[in-house]
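Q: Curious how this folds, go ahead:
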Amino acid sequence: MTTNLPIRFDDLTVNFDDRFQLDHINWQIEPQQHWVITGANGAGKSALAAVLAGAGDTVSGKLEGVPARVGLVSFEAQAELIEAERKKDDADIMDVISEGTPVHEILFKDCADPDLAKELAEKFNLTQLLDRSFRKLSTGESRKVMLICALASKPDLLVLDEPFDGLDADSLAMLQAHLQTLIKTVPMVMVLNRFDEFPEFITHIAYVDHGQLQLQVSRDDTTAFEELYKLLHIKTTDLTVPAADPDTAIPALNPDDPLVRLRNLTIQYDNKKIIDNLNWTIEPNQHWQLSGPNGSGKTGLLSIITGDHPQCYVNDIFVFGFKRGSGESIWQIKQFIGYVSTALQWEYKGTTGLRNVILSGFHDSNGLYTRCTDRQKAIANEWLELLGMSDRGDEIFGKLSYGDQRLLLIARAMVKHPPLLILDEPCLGLDDMNRQMVLALIEKICASTGISVIYVNHHPEDKIKGIGNYISLV
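A: Numbering: from 1, shown residues only. A predicted model of the protein is given here:
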């Protein structure tokens, strides 16, 4: 390898804005080693990886040997870039709306290896999007841009926090193949929640818990590796979904009507058709799995159903008893829907307490602005107990780990038992234990009456018992 390894953590304690602290980390990354950092949600996995990229304030101890050029990919870095683009709107004056930074500028400005960036853009199918504003990309497409920037920076160390999440199957295979070509020259440290995603070249696993590096396991140590696998595959049994609030009045729907009926749906941008003449009907108590590569229109299709897409009114759309464009309000539509997505997670107010995040699901609000009943508060407490957060109800949502935030938003979506529950990559960013809990919860919801599920997912192995209908976009 070309770096000055080993990298040494010597009794290192690092503080992250008083939100989290890594305590007394002792760790050494040797030449020819590639590490995965794993652990439960909120354990400190992402924080430990971020230290290698210069994040956090050292309280005590030493960190030595980190090379100058570190290629970083993480949800936090991705969210920061998206937020920076959004702030450009706030700076607009005289009603001139900024188009935002084009993709090609983000990829090639100050790029150390433009030829590689161009090659990866082609392999990731981003070439046709180079002139598009970064803010207009889908979650998966923006993730690909972050990956290309890191890989084309000629890094001496790659730090990849959940690099495979949000990628379609072809992009995932391409990325794994490219990383395989780097193993002799570039050391890698990955944060991964899923054991089935560990690349073959990974040599060691670091297990983090409560801000401490508890275990360091060589992959060649079969016994230790299997024990760690069991630790992270704990499944919660006998889960009970908290009941709905009988006093929360979601209007009754006509049982003879479909929940959703789309006829010859077309979505297009800049004269390019993303979806062309799609017909889809979702009946009550019917469950669907929606799949397709990045940029195939999954998010656009969901926003048509939720009423957030501007092309709702130029299509033949029937949802929850309303023909779109007949004078209905968007809130009349949204009252029938529970929704979870990465975009919602980025937009949700970070100062809201955990209990209030769940309670806001009764009112479809981003934050809680309405007085809740004692019964609703009791239901929220039942969800907190189910998620293992019964003593954390007053903590701040923005201080949670990415995975814990996702769990709270899933509870928020489920709390009112909506006729339609839309789960857009619900397991994104979750460790194995919480992932299994979420999948079990979704199975129970699918088995219950009165709720239909649309489950969007890139991982074919994450199938849900009870979902027997499939739609794939190309």
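Q: so how many other residues sit close to Pro293?
A: Neighbourhood size, Pro293 [other C-beta atoms under 10 Å]: 18. (Glycine included, C-beta is placed from N, CA and C.)
Q: what's the pLDDT at it?
A: What the model reports as pLDDT for Pro293 is 88.
Q: if I read this right, it contacts Asp170, doesn't it?
A: Yes: under the contact definition of C-beta atoms under 8 Å, Pro293 touches Asp170, with a separation of 6.4 Å.
Q: In contact with the residue nearest to His204 when sequence neighbours are not counted, which residues?
A: Take His204 and drop its neighbours on the chain: the residue closest to it by C-beta to C-beta, 6 or more residues apart in numbering is Trp35, 4.9 Å away. For Trp35, the contact set (C-beta atoms under 8 Å, 6 or more residues apart in numbering) comprises Ile29, Met188, Val189, Met190, Ile202, Thr203, His204, Ile205, Ala206.
Q: what number of residues lie near Leu81?
A: 18.
Q: residues in contact with it?
A: Here Leu81 is in contact with Ile106, Phe134, Ser142, Met146 (C-beta under 8 Å, 6+ apart).
Q: and the third one, how many neighbours does it have?
A: If you count neighbours by other C-beta under 10 Å, Ser142 ends up with 23.
Q: per-residue confidence for it?
A: Looking at Ser142, its pLDDT reads 89.
Q: Looks like Ile410 contacts Leu423 (just checking).
A: Yes: if you go by C-beta under 8 Å, Ile410 and Leu423 touch, sitting 7.4 Å apart.
Q: Now the common contact residues for the two.
A: By C-beta under 8 Å, 6+ apart, the residues touching both Ile410 and Leu423 are Val340.
Q: out of the contacts of Trp35, which are inside helices?
A: Counted as lying in helices by DSSP state H, out of the contacts of Trp35, is not a single one.
Q: Looking at those, which is nearest Gly321?
A: Each of the contacts of Trp35 was checked against Gly321 using C-beta to C-beta; the closest is Met190, at 47.6 Å.
Q: Which parts of the stretch 101-250 of the chain are helices?
A: Applying DSSP state H, counting those that start in this stretch to the stretch 101-250 of the chain gives helices spanning 103-108, 114-123, 139-151, 169-180, 222-232.
Q: Just send those back as TSV, with distance to Leu259 too.
A: TSV is the format used below for these (distance: least, C-beta to C-beta, whole Å):
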stretch	distance to Leu259
helix 103-108	36
helix 114-123	39
helix 139-151	25
helix 169-180	29
helix 222-232	37
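Q: Out of these, which gets nearest to Ile330?
A: Among these, the nearest to Ile330 by C-beta to C-beta is helix 139-151 (22.1 Å).
Q: hmm, who's touching that closest one?
A: 71-73, 77-78, 81-82, 103, 106-107, 111, 116-117, 120-121, 124, 126, 129, 134, 137, 158, 160, 163, 165-168, 171, 175, 178, 294-295, 299, 342-343, 425.
Q: Stretch 350-361 too?
A: 338, 348, 366-368, 372, 376-377, 379-381, 383-384, 389, 392-400, 408-409, 411-416.
Q: what's the neighbour count on the residue lying closest to His417 once chain neighbours are set aside?
A: Spatially, and ignoring its direct neighbours in sequence, His417 is nearest to Ala244 (3.8 Å; C-beta to C-beta, 6+ apart). Counted by other C-beta under 10 Å, the residues lying close to Ala244 total 18.
Q: ok, Ala244 - contacts?
A: Ile379, Val415, Lys416, His417.
Q: Helices - which of these land there?
A: Residues of those located in helices (DSSP H): Ile379.
Q: Mind checking which of the contacts of Ala244 are in strands?
A: In strands, judged by DSSP state E, none of these are found.
Q: which residues touch the residue lying closest to Val14 once chain neighbours are set aside?
A: Nearest non-adjacent residue to Val14, counting by C-beta to C-beta, 6+ apart: Gly56, 3.9 Å away. Under the criterion of C-beta under 8 Å, 6+ apart, the contact list for Gly56 reads Val14, Asn15, Phe16, Leu22, Ala47, Ala50.
Q: and which of these is nearest Ile467?
A: Out of the contacts of Gly56, the member with the shortest distance to Ile467 (by C-beta to C-beta) is Ala47, at 35.2 Å.
Q: show me where pLDDT drops low in the stretch 101-250 of the chain?
A: 230-239 (pLDDT under 70).
Q: switch the cut-off to 90
A: Where the stretch 101-250 of the chain drops to pLDDT under 90, the residues are 101, 109-110, 133-140, 142, 165-169, 193-197, 207, 209-210, 214-215, 222-250.
Q: any idea how far Leu213 is from Val59?
A: 16 Å (C-beta to C-beta, to the nearest Å).
Q: Do a quick rundown of the strands in the stretch 351-474 of the chain.
A: Along the stretch 351-474 of the chain, the segments classed as strands by DSSP state E, counting those that start in this stretch run 420-424, 452-456, 469-472.
Q: Could you dump those strands into TSV with mean neighbour count and distance to Val357 added?
A: As requested, these are exported to TSV (neighbours: other C-beta atoms under 10 Å; distance: least, C-beta to C-beta, whole Å):
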stretch	mean neighbour count	distance to Val357
strand 420-424	22	17
strand 452-456	24	21
strand 469-472	13	30
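Q: got these as a markdown table, with distance to Ile317 columns?
A: Below are the strands of the stretch 351-474 of the chain laid out as a markdown table (distance: least, C-beta to C-beta, whole Å):
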| stretch | distance to Ile317 |
| --- | --- |
| strand 420-424 | 14 |
| strand 452-456 | 15 |
| strand 469-472 | 16 |
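Q: Which among those strands is found nearest to Ile250?
A: strand 420-424 (10.8 Å).
Q: from the middle of its chain, how far away would the closest one be?
A: 14 Å (C-alpha atoms, centre = their mean, to the nearest Å).
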